[in-house]
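A.B. asks: Any chance you could fold what I've pasted below:
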Amino acid sequence: MTILVATGLERERHLLAGPDLEIIAGGGDHERLEVRLEQLGAGKSGLISIGIAGGLAPDLVVGQWVVATAVLDRPHSISTDVAWTERLVAALPGATRAPLLGSNEMIVERTHKAALHRATGAAAVDMESHIAARVAQRLGLPFAAARVVCDPAHRSLPRAAQVGMRPDGGMDIAAVLRSLLADPRQLPALIRTGWEAEKAFRALLRGHRLLGRGLAGPDLG
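C.D. replies: Numbers count the residues shown, from 1 in each chain. Predicted coordinates for the structure are as follows:
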């Protein structure tokens, strides 16, 4: 049996690659991601959203795991599979068990992050978990979500970082450079963002190794 995996970037897809996994990188295109997950979901043993996320809870640090008890697809809340969630928490050192918020748009301003945390109680936000939760619910698949904090709640992302993702999940280096040339004052924030992203990607890779084959999902252990 195969686990279907939803993530955001091509780099995440490569870091998570392994046997018994079929991985889709959303690239910020929520409509395409939903269609692809629907097409590929039949016959899968489960669906998981995993990758990096923006922190909303002020106590979370870069590289920390958030394992979802539910995914908020406002105004709805979709619960995760209890047994799968517990296996994820047990395998990922320091993981926080909390709700995740799904968003069709990148949440980049620290004031917006704080407002969302107050309004929803979610610990982190990403652009794929609500889509994956919705599809899993329709298809009757066990569902889980686990995300690594990449940009913490107190951090706003520079414009150059916001334009760096292509719709296929790859990196648009040209767009980043154009933004940087237009406003070179972004450079220190962009360097810091890149360093924090590397820390999150390393945590994602370590977590993948700890979870093992099938990401601790149903039927695969």
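
A.B. asks: rest of the way, CA atoms for contacts and neighbours
C.D. replies: OK.

A.B. asks: Show me what the worst-scoring helix or strand of the chain on mean pLDDT packs onto, helices and strands only.
C.D. replies: None of the helices or strands of the chain scores lower by mean pLDDT, DSSP states H and E than helix 159-162, at a mean of 83. Counting contacts by 3 or more C-alpha pairs under 8 Å, 6 or more residues apart in numbering; DSSP states H and E, helix 159-162 packs against helix 173-182, helix 187-211.

A.B. asks: Out of these, which is closest to Ala42?
C.D. replies: Proximity to Ala42 (C-alpha to C-alpha) singles out helix 187-211 among those, at 23.7 Å.

A.B. asks: Identify all contacting residues around that closest one.
C.D. replies: Defining contact as C-alpha atoms under 8 Å, 6 or more residues apart in numbering, one finds that helix 187-211 is touched by 12, 15-16, 51-52, 62-64, 88, 91-92, 148-151, 157-158, 160-161, 180, 215.

A.B. asks: Pull out the buried residues from it.
C.D. replies: Residues 189-190, 193, 196-197, 199-201, 203-205, 207-208, 211 are the ones in helix 187-211 that count as buried (16 or more other C-alpha atoms under 10 Å).

A.B. asks: For the residues you listed, give me a markdown table that also has pLDDT and distance to His117.
C.D. replies: Shown next, in a markdown table, are the buried residues of helix 187-211 (pLDDT from 0 to 100; distance: C-alpha to C-alpha, whole Å):
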| residue | pLDDT | distance to His117 |
| --- | --- | --- |
| Ala189 | 89 | 23 |
| Leu190 | 88 | 24 |
| Thr193 | 90 | 21 |
| Glu196 | 95 | 21 |
| Ala197 | 94 | 21 |
| Lys199 | 97 | 23 |
| Ala200 | 97 | 21 |
| Phe201 | 96 | 24 |
| Ala203 | 97 | 23 |
| Leu204 | 97 | 23 |
| Leu205 | 97 | 27 |
| Gly207 | 97 | 25 |
| His208 | 96 | 27 |
| Leu211 | 95 | 28 |
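
A.B. asks: Now the two most distant members of these.
C.D. replies: Largest separation among these by C-alpha to C-alpha: Ala189 and Leu211, giving 32.7 Å.

A.B. asks: Which strands or helices does whichever strand or helix holds His130 pack on?
C.D. replies: His130 belongs to helix 129-139 when assigned by DSSP states H and E. Other elements packing on helix 129-139 under the criterion 3+ C-alpha pairs under 8 Å, 6+ apart are helix 30-41, strand 46-55, strand 65-73, strand 76-79, strand 96-102, strand 143-151.

A.B. asks: Return the helix or strand just after the fourth one as PDB; C-alpha atoms alone will do.
C.D. replies: Looking back up the chat, that one is strand 76-79. Next helix or strand after strand 76-79 toward the C-terminus (DSSP H and E): helix 82-91. Taking Å, rounded to 0.1, in the frame of the first residue of the first chain, the C-alpha atoms of helix 82-91 are listed here in PDB:
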ATOM      1  CA  VAL A  82      -5.700   9.700  16.200                       C
ATOM      2  CA  ALA A  83      -3.400   6.700  16.000                       C
ATOM      3  CA  TRP A  84      -1.300   8.100  13.200                       C
ATOM      4  CA  THR A  85      -1.000  11.400  15.000                       C
ATOM      5  CA  GLU A  86       0.300   9.600  18.100                       C
ATOM      6  CA  ARG A  87       2.900   7.700  16.200                       C
ATOM      7  CA  LEU A  88       4.100  11.000  14.600                       C
ATOM      8  CA  VAL A  89       4.400  12.700  18.000                       C
ATOM      9  CA  ALA A  90       6.200   9.700  19.500                       C
ATOM     10  CA  ALA A  91       8.700   9.600  16.700                       C
END
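
A.B. asks: Good, wrapping up.
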